[in-house]
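Enquirer: Got a predicted structure here, sequence first:
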Amino acid sequence: MNVAQPDVSVIIGAYDAMPYLAECLDSVTAQTIDPARVEVVAVDDGSTDGTGAFLDEFAARAPMPVTVIHQDNSGGPSGPRNIGLDKAAGRYVFFLDADDRLGPEALARMVAMADRNGTDVVLGRVEGVNRTAPKTMWGRNLERTDVFSSRIKFALSAQKLFRRALLDRHGMRFDESLWTGEDALFTMEAYLRADGVSVVADHTCYYLVGRDDGKQVTKNGSYTLRFDSARALAGLIADMVPPGERRDALMVRPFLITLLPQFGPRFLKDDEAVRRHKFELARPLLEAYWTPEAARRLRVEERLRLHLVAAGRPELLVDVLEFMKAKRQPKAVLERRGTRVHLAYPHFRSARAGIPDAVYRAEPREARAVDGYREGGGTGLWRRAAGTVRRVAGRARRLVVAGPRRVAGTVRRARPARR
């Protein structure tokens, strides 16, 4: 290895980041790793609040090499990150947002983890400051894992340590056509291409800071951008993972995190035109990727909402959302000596609605909270129900295409599915 090569390039894209940028840069200089092993590549993306001048001043006093690039505003985080990545010389790169900060020892611990295990991506524990942060993957350190064997698919932000050779080998860059979710696309591709992923769970490596002015990019933009993001991520997964359980496991991420919130409480506030548009945007995604196996991995209320979207039933979805808004709890219906549990959300076993029982059936992880439940036999039940769910979903899609009048008439004639 060339001794002059830094171990890690910290890439910072900054747009009107004051005063948060000061703490961000302080967290870089406070790192315990030898400054000679680090370089900073900072891209001022057309700031108007003194961010550019502050970066220049930092470059003059920093203990490690700093490159500052000034450019016109690009409109999003992808452009600055790509510019920084093109300039990076380190064995690894770390993308640091200008309003966030590194935890003490973060770079040293993550580089050591990657070197020790030969892994291509390292996740460091994240904590939120006036923001929520992912929580489910920090139970213990993972020296070597992958996206199928862990919960890292729910941590797709760009704030990771990436081996630069991996990115260069596959020509990986952030998609500048996306205004949100570009980091999810980049990180999922890295997970799928990586020769192993590590997790530093016992030390906070990154502080995700909520800005008082609310200018985080993820909080801004039209709802259509979220559908663009879901479409891109689902398409990437489909391109890289053959159909089957592994693909379905990953599809839970765009369904649950990106798509489902569009059919949550905010849907009740949408006007009719927006509601129709959301259904139209969701339909191709559900037609292509919504499978019984993917549905099985969701909780009942999540599965029910997406089933109603797939079936083109906004009026029934509103009933479910009103039920949830009122904080009502569904009745648990135990059958087969307590080994089968249905959660009776609105329209359970309604002849008018015709929703299959399988949609309301609780998987063991959810059923265990029900008094009287006895675990056993759930997998076989879902396998037998899968054909019914697939047939109902396919019929619903055909009816939606045929028109709402035909749908309504067919539903009135439909008999409830009971198993």
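Expert: Sure thing, it's come through. Just so you know, these numbers come straight off a predicted model, no measurement behind them.

Enquirer: Just the pLDDT at R412, thanks.
Expert: For R412, the pLDDT comes out at 38.

Enquirer: How many residues are close by the residue nearest to V111 when sequence neighbours are not counted?
Expert: Residue nearest to V111 in three dimensions, not counting chain neighbours: D7, with 5.2 Å by C-beta to C-beta, 6 or more residues apart in numbering. Using the backbone N, CA and C atoms, a C-beta is placed for each residue, glycine as well. Neighbours of D7 under the rule other C-beta atoms under 10 Å: 21.

Enquirer: Could you do the one 10 residues further on as well?
Expert: By the measure other C-beta under 10 Å, the count of residues near A17 is 27.

Enquirer: ok, now which ones touch it?
Expert: 24, 47, 49, 51, 98-99 (C-beta atoms under 8 Å, 6 or more residues apart in numbering).

Enquirer: Repeat that for M251.
Expert: Counting by C-beta under 8 Å, 6+ apart, M251 has contacts 234, 237, 289, 291, 294.

Enquirer: Now the buried members of those residues.
Expert: Buried subset of those (neighbour count, 16 or more other C-beta atoms under 10 Å): 234, 237, 289, 291, 294.

Enquirer: Go ahead and confirm the residue nearest to V111 touches G90.
Expert: Yes. Shown here, D7 and G90 form a contact pair, counting by C-beta atoms under 8 Å, at 6.0 Å.

Enquirer: so A42 sits in a strand?
Expert: Yes. Assessed with DSSP: H, G, I helix; E, B strand; the rest coil, A42 lies in a strand.

Enquirer: The residue nearest to it when sequence neighbours are not counted - how many residues pack around it?
Expert: Counting by C-beta to C-beta, 6+ apart, A42 lies nearest to I12, which is 4.4 Å off, once chain neighbours are set aside. Using other C-beta under 10 Å, I12 has 27 neighbouring residues.

Enquirer: For I12, what is the enclosing helix or strand?
Expert: strand 8-14 (DSSP states H and E).

Enquirer: who are the neighbours of that strand, in terms of helices and strands?
Expert: For strand 8-14, the elements it packs on are helix 20-29, strand 38-45, helix 78-87, strand 92-95, helix 106-117, judged by 3 or more C-beta pairs under 8 Å, 6 or more residues apart in numbering; DSSP states H and E.

Enquirer: That strand pairs with which strands, parallel or anti?
Expert: strand 38-45 (parallel), strand 92-95 (parallel) (DSSP bridges).

Enquirer: quick one: contacts of the shortest one?
Expert: Spelled out, it's strand 92-95. By C-beta under 8 Å, 6+ apart, the residues outside strand 92-95 that reach it are 7-11, 13, 81, 84-85, 107, 110-111, 114, 158-164, 167, 183.

Enquirer: Could I have the CA atoms of it written out in PDB?
Expert: What follows is strand 92-95, C-alpha atoms only, in PDB (Å, rounded to 0.1, in the frame of the first residue of the first chain):
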ATOM      1  CA  TYR A  92     -12.300   4.000   2.500                       C
ATOM      2  CA  VAL A  93     -14.800   6.900   2.200                       C
ATOM      3  CA  PHE A  94     -17.200   8.200   4.800                       C
ATOM      4  CA  PHE A  95     -20.100  10.500   3.800                       C
END
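
Enquirer: could the helices and strands packed on strand 8-14 go into CSV alongside mean pLDDT, distance to V309 and mean neighbour count?
Expert: Listed next are those as CSV, based on pLDDT from 0 to 100; distance: least, C-beta to C-beta, whole Å; neighbours: other C-beta atoms under 10 Å:
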stretch, mean pLDDT, distance to V309, mean neighbour count
helix 20-29, 97, 38, 19
strand 38-45, 98, 36, 26
helix 78-87, 97, 29, 20
strand 92-95, 98, 33, 26
helix 106-117, 98, 39, 20
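
Enquirer: And the ones you listed: which comes nearest R226?
Expert: helix 78-87 (16.3 Å; C-beta to C-beta).

Enquirer: how far off strand 38-45 does that closest one point, in degrees?
Expert: 150 degrees (axes from the mean of the first three to the mean of the last three C-alpha atoms, to 10 degrees).

Enquirer: Using the three-state scheme, assign the closest residue in space to L268 that isn't next to it in sequence.
Expert: Nearest-residue entry for L268: L321, 5.4 Å, with adjacent residues in sequence omitted and distances by C-beta to C-beta, 6+ apart. The assignment at L321 comes out as helix when based on three-state DSSP.

Enquirer: Contact partners for L321?
Expert: Per C-beta under 8 Å, 6+ apart, neighbours of L321: 263-265, 267-268, 305.

Enquirer: from memory I237 sits against M188, does it?
Expert: Yes. Counting by C-beta under 8 Å, I237 does reach M188; the two are 6.9 Å apart.

Enquirer: In contact with I152, which residues?
Expert: When contacts are taken as C-beta under 8 Å, 6+ apart, I152 is in contact with 123, 137, 145, 191, 197, 199.

Enquirer: same thing but 7 Å
Expert: I152 makes contacts with 123, 137, 191, 197, 199, as judged by C-beta atoms under 7 Å, 6 or more residues apart in numbering.

Enquirer: All set now, cheers.
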